[in-house]
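>>> I would like the atomic coordinates for the input below:
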Amino acid sequence: MSTHDQGHESVVERTSAPQDRPRTVLDVRSLGPPAPLANTLERLADLPDEAVLLQRNDRAPQFLYPKLEDRGYTYETLETDAEVVTVIWRE
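Numbering: from 1, shown residues only. Reported below is the predicted structural model:
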């Protein structure tokens, strides 16, 4: 389920996320709350620890941040013209 395209690559390169790990993209832009939060946490639970998840959203996922911190994830959110991308990984 890994997706690589120019837009996502450039977003990851602008973060502190590891550049050499497998990446998975989760697009939650069309989902209403609380589906983006639930889908992101479910996907993270299914991914290996070395994977990097890119969540594509239409807003910053404010309620996701404390849950990521509780679970030991590091994250960075970048806003582009078209979307908000949160890059999530384990150190």
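
>>> ranges for the strands of this protein?
Secondary structure of the chain by DSSP state E: the strands cover 23-27, 52-57, 74-79, 84-89.

>>> got the CA coordinates for the second one in CSV?
So the one you mean is strand 52-57. What follows is strand 52-57, C-alpha atoms only, in CSV (Å, rounded to 0.1, in the frame of the first residue of the first chain):
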residue,chain,number,x,y,z
VAL,A,52,6.6,6.2,7.9
LEU,A,53,2.9,7.1,7.6
LEU,A,54,1.8,10.2,5.6
GLN,A,55,-1.7,11.3,6.6
ARG,A,56,-3.3,13.5,3.9
ASN,A,57,-6.0,15.7,5.5
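
>>> now do the longest helix seen in the chain against strand 84-89, angle only.
Ranked by number of residues, the top helix in the chain under DSSP state H is helix 35-46. Interaxial angle of helix 35-46 relative to strand 84-89 (axes from the mean of the first three to the mean of the last three CA atoms, to 10 degrees): 20 degrees.

>>> which parts of helix 35-46 are buried?
For helix 35-46, burial by neighbour count (16 or more other CB atoms under 10 Å) applies to 36, 37, 40, 43, 44. No exception for glycine: its C-beta is placed from N, CA and C like everyone else's.

>>> ok, what's across the strand from residue 23?
With DSSP bridges as the criterion, residue 23 is bridged to residue 52.

>>> run through the neighbouring helices and strands of the longest helix of the chain.
Contact analysis of helix 35-46 by 3 or more CB pairs under 8 Å, 6 or more residues apart in numbering; DSSP states H and E lists strand 23-27, strand 52-57, helix 64-70 as its packing neighbours.

>>> now the strands of the chain as JSON lines including distance to residue 16, mean neighbour count and mean pLDDT?
Converted to JSON lines, the strands of the chain look like this (distance: least, CB to CB, whole Å; neighbours: other CB atoms under 10 Å; pLDDT from 0 to 100):
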{"stretch": "strand 23-27", "distance to residue 16": "15", "mean neighbour count": "18", "mean pLDDT": "96"}
{"stretch": "strand 52-57", "distance to residue 16": "11", "mean neighbour count": "22", "mean pLDDT": "97"}
{"stretch": "strand 74-79", "distance to residue 16": "6", "mean neighbour count": "16", "mean pLDDT": "97"}
{"stretch": "strand 84-89", "distance to residue 16": "9", "mean neighbour count": "22", "mean pLDDT": "98"}
